[in-house]
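Peer 1: Structure of the sequence below:
(chains A and B)
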2 protein chains.
Amino acid sequence: MFQLLRDGKPRTRADLAAVTGQARSTVAARIDLLMAAGLIAPAGEATSTGGRPPATFAFAPSAQVVLGVDLGATHARLAVTDLASTVLAHRELPLLITDGPESVLARVAETGAELLREAGRTTAELAGVGVGLPGPVEHATGRPNNPPIMPGWDDADVPAILGAGFHAPVLVDNDVNIMALGEHRAAWPGIADLLFVKVATGIGAGIIADGALRRGAQGSAGDIGHVAVPGVTDVVCRCGNVGCLEAIASGLAVANRLEGATTPADVVTMVRAGDVAASQAVRQAGRDIGAVLATSVSLLNPSMIVIGGILADAGEHIVAGIREVVYQRSLPLATQHLRIVTARTGTQAGVLGASAMAVDQALSPEAVDRLVA
Amino acid sequence: MFQLLRDGKPRTRADLAAVTGQARSTVAARIDLLMAAGLIAPAGEATSTGGRPPATFAFAPSAQVVLGVDLGATHARLAVTDLASTVLAHRELPLLITDGPESVLARVAETGAELLREAGRTTAELAGVGVGLPGPVEHATGRPNNPPIMPGWDDADVPAILGAGFHAPVLVDNDVNIMALGEHRAAWPGIADLLFVKVATGIGAGIIADGALRRGAQGSAGDIGHVAVPGVTDVVCRCGNVGCLEAIASGLAVANRLEGATTPADVVTMVRAGDVAASQAVRQAGRDIGAVLATSVSLLNPSMIVIGGILADAGEHIVAGIREVVYQRSLPLATQHLRIVTARTGTQAGVLGASAMAVDQALSPEAVDRLVA
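Peer 2: Below is the predicted model of the structure:
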């Protein structure tokens, strides 16, 4: 019943009884328990159809807070949010992931505590912590798995290190998955099947299917950086295989091919300044990404592809290249209702997703049952 | 609580209270309702730890039955099963899908009624009907969507036509999806992330992610027949694109290339008779399928790929070719625990999956709530 109310709409006891099929007495008892736990609150009276107007109840997202943490190679973004992922306090700071887990997570714990105070909340009100890391993570244990740009982090017990200071559950995932989650919840909550693609230094994807993030068996779902681009046979990747997407179309690959650019940010600057060679290179990267996404569309049949990451800031060029190939190459049934757009949450996607991941755990049926038992 | 009991294990009231976190009185009341509905039954006494041994309860799969229907181009398989998909009566009959929906579905209804009688059950006990069709289906409405080999079926209201005779909900899906569901439930129920690939006249896949079949936005997820095989640039498909998987590696494509074969069944016969050219052709088809599955593995991170369809009957050649490419081409994190095997349910995959689809609907939380309300 509580899961129904999470959408924020006020409902009467009769509404809830009708939708759940439960007895009025059962619904009334459950409402009392949820109110006592602070998870729902009275939300005024419904319009009466005669007699005393019935009371309505709605989700009370301020009952608890969570901490969302988005760690990149050289920065951290943290936010304390309520249970609707509304940001109450926010901080961005420079930070080197190569300093290792103990040092980095100590900074995170310290900054998180400051943000809690800033938001006027206590650790007792903290329902959970969500963390995104720039490398492969085994989501079930929260441990990084051979992360290439995170020396010292392999198999680090991030939940234990961070949980020691917060006394709240800590969930960890890779940065692309939390970006997918953040963009989905904040911008496209009604889309059940969405593919989020981050095009930055590397390329990765996050899969929303039937409304939820799908991580696969080891949490590596969406790792499309090293899949073969159909039709490309002449580019050797640093991994040893031929035609890997990342070696052809990542922000770094484009920068390496482009005179005057050394980073993906340079590429974006050049495109924005009207550089024709840069625009063409980004469009071609879009086509090569599109060749892989065409296969992904046939396989997953999403109704939306969202392009994020710094190369999405290069305007419509990348999306135009992707559209060109996807619409030509995928099946009509899979593309007739397919939209391909750039991300709306920008740099906040990760921290919003980290918050959403923590909220989902805090408000899961099992967690709510424990809270009201 | 009922969803817990669906695994068939007997549990005491105390077990159920402990796992669900619900009050003993709530659990006891729910057990009484589920018993009255016939969905659970007493299952003897648990071992006592002192005092009177407590009673246990378990799922009663014989409470109701469903009808599973697997329609192919030239055959139909039907089965009446209980709610654990145990087959109570079964029939296979020749049938031309080209006879159109009215004629074919009338045969299905008639045969289904006969099977119900054979199983000693009535239509009042029929909780649902599951149907698999050899073409694209919009699962939400149960209507075929431009099915290439099913003239007369486009947009046919299969649930309405079939439901008229049975007065039970009718669910429809494409044949590959129900095969994936049947193989998953019958042979690998503990595997949460599984990719089923049917290699027959055409090629298609069914995706199990987080334990459930994922159909995508329009129900076309898994339609990999026309994705581009990386590295192939010289085969034009009847669809107009270059390098489509089906044009290169389907049973029909292999038969067309092989002297002495005209159908996929011929290919299997030749391989079994020790024909070297046929074995090599099947292994090469496996490699080409493997090139597409390598991308699918990176994208979905399944822990198992199951190869079904008639070409899976050609022994280990096809699986060997697939393994060769997938293990070389996919990321280590995604392949270190990946198994690639042939299907175990053979020709029964479809009808078992159709049954499972109907059972899932009949035993969904919403349906059970309605039953015991």
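Peer 1: how about the helices of chain A, start to end?
Peer 2: Along chain A, counting by DSSP state H, helices occupy A:2-5, A:13-20, A:24-36, A:101-118, A:158-166, A:175-187, A:245-249, A:251-257, A:264-272, A:276-300, A:317-329, A:332-335, A:349-362, A:365-372.
Peer 1: What residues of the last one count as buried?
Peer 2: Applying a neighbour-count criterion of 16 or more other C-beta atoms under 10 Å in any protein chain shown, the buried positions in helix A:365-372 are A:367-368, A:371-372. Placement of C-beta: from N, CA and C, glycine included.
Peer 1: Next, give phi and psi for the residue in the stretch 151-300 of chain A positioned nearest to chain B.
Peer 2: Checking the stretch 151-300 of chain A residue by residue against chain B with C-beta to the nearest C-beta singles out A:Gly216 as nearest, at 2.5 Å. Note on A:Gly216: its backbone torsions stand at phi 80, psi -180 [degrees, to the nearest 10].
Peer 1: and it, how many neighbours?
Peer 2: Counted with other C-beta atoms under 10 Å in any protein chain shown, the neighbours of A:Gly216 add up to 24.
Peer 1: Could I get the contacting residues of the residue lying closest to it once chain neighbours are set aside?
Peer 2: By the measure of C-beta to C-beta, 6 or more residues apart in numbering or on different chains, the closest residue to A:Gly216 outside its immediate chain neighbours is B:Asn301, 2.5 Å from it. Applying C-beta atoms under 8 Å, 6 or more residues apart in numbering or on different chains, one finds that B:Asn301 lies in contact with A:215-223, B:193, B:333-334.
Peer 1: circling back: how far away is the residue of the stretch 151-300 of chain A closest to chain B from A:Ala140?
Peer 2: From A:Gly216 across to A:Ala140, the span is 11 Å (C-beta to C-beta, to the nearest Å).
Peer 1: For B:Leu5, see how far away A:Met1 is.
Peer 2: A:Met1 sits 21 Å away from B:Leu5, going by C-beta to C-beta.
Peer 1: My error: substitute A:Val197 in the last question.
Peer 2: Remark: distance between A:Val197 and B:Leu5 (C-beta to C-beta) = 41 Å.
Peer 1: Out of the helices and strands in chain A, which is least certain?
Peer 2: Taking mean pLDDT, DSSP states H and E as the measure, the helix or strand of chain A with the lowest value is helix A:332-335, at a mean of 75.
Peer 1: same for it, what does it pack against?
Peer 2: helix A:276-300 (3 or more C-beta pairs under 8 Å, 6 or more residues apart in numbering or on different chains; DSSP states H and E).
Peer 1: and the helix it packs on, which residues are buried?
Peer 2: Using 16+ other C-beta under 10 Å as the test for burial, helix A:276-300 gives A:278-279, A:281-300.
Peer 1: Okay, now the unreliable bits of chain A?
Peer 2: In the prediction, chain A carries residues with pLDDT under 70 at positions A:373.
Peer 1: domain parsing for it?
Peer 2: Structurally, chain A divides into domains by automatic domain parsing as follows: A:2-59, A:63-168+A:349-372, A:189-342.
Peer 1: could you dump those to a markdown table with distance to B:Val341?
Peer 2: Below are the domains of chain A laid out as a markdown table (distance: least, C-beta to C-beta, whole Å):
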| stretch | distance to B:Val341 |
| --- | --- |
| domain A:2-59 | 37 |
| domain A:63-168+A:349-372 | 24 |
| domain A:189-342 | 15 |
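Peer 1: Can you give me the buried ones in stretch A:229-249?
Peer 2: A:229-232, A:235, A:237, A:241-249.
Peer 1: nearest to A:Ala160, of these?
Peer 2: Here the nearest of the buried residues of stretch A:229-249 to A:Ala160, counting by C-beta to C-beta, is A:Glu246; it sits at 32.1 Å.
Peer 1: So which bits of the stretch 151-300 of chain A are right by chain B?
Peer 2: A:192-193, A:205, A:207, A:209-210, A:212, A:214-224, A:226-233, A:241, A:243, A:291-292, A:294-296, A:298-300 (C-beta under 8 Å from any C-beta of the partner chain).
Peer 1: In strands, which of those appear?
Peer 2: Judged by DSSP state E, strands contain the following of these: A:205, A:207, A:209, A:212, A:214.
Peer 1: Just confirm A:Leu34 contacts A:Ile40, I think it does.
Peer 2: Yes. Using C-beta atoms under 8 Å as the test, A:Leu34 is close enough to A:Ile40 to be in contact (4.5 Å).
Peer 1: any shared contact partners between these two?
Peer 2: In contact with both A:Leu34 and A:Ile40: A:2, A:5, A:57, using C-beta under 8 Å, 6+ apart.
Peer 1: Name the nearest of those relative to chain B.
Peer 2: The shortest distance between chain B and any of the shared contacts of A:Leu34 and A:Ile40, using C-beta to the nearest C-beta, involves A:Phe2 and amounts to 13.4 Å.
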